[in-house]
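In: take this sequence and fold it.
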Amino acid sequence: DLKPNAFGKLTKEASRRLNRHINAVVSADERLVFHSLRHRFKDEGRGADVQERVLDQLCGHVPATVGGRYGEGADIEALKRALDRLRFESVDWARLRAAADIVRWPTVVNEVVTRARAGGDRT
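Out: Numbering: from 1, shown residues only. Below is the predicted model of the structure:
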């Protein structure tokens, strides 16, 4: 039931919905939004001395330099090693688990599967 934007992307509406959930269940701090996860991920990676190009690859960011665009990027083993270095000790996991527990996951998964089988899944 998400409406695509002019580029056919569903992310803006999905982000809005997630932000409403975050505000209702996780935190009323308006600075904390779904996109905050990307910022936290980059900060955690930098703190763990993960190479910037590897962080960019993990985040789906395009390299900023011409040289950064050469090659195919890090292989899967290198990406896993980088992910294994991240600890996310500043994350309040109990609060996030509590927020996730509110979601009726079987219902959500069934809806996505049904939509995908009907050919309507645009994600």
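
In: which stretches of the chain have low pLDDT?
Out: By pLDDT under 70, the low-scoring segments of the chain are 1, 120-123.

In: how about 90 then?
Out: The chain contains residues with pLDDT under 90 at 1-40, 59-74, 87-105, 108-123.

In: what about residue 50, how many residues nearby?
Out: 21 (other CB atoms under 10 Å). Using the backbone N, CA and C atoms, a C-beta is placed for each residue, glycine as well.

In: kindly report the same for residue 55.
Out: For residue 55, the number of neighbouring residues by other CB under 10 Å comes to 19.

In: and it, what element?
Out: Using DSSP states H and E, residue 55 falls within helix 52-59.

In: now do the buried residues in that helix.
Out: The neighbour-count check on helix 52-59 (16 or more other CB atoms under 10 Å) flags 53-58 as buried.

In: follow the chain on from that helix and name the next helix or strand.
Out: helix 76-85.

In: got the angle for that next one vs helix 52-59?
Out: 90 degrees (axes from the mean of the first three to the mean of the last three CA atoms, to 10 degrees).
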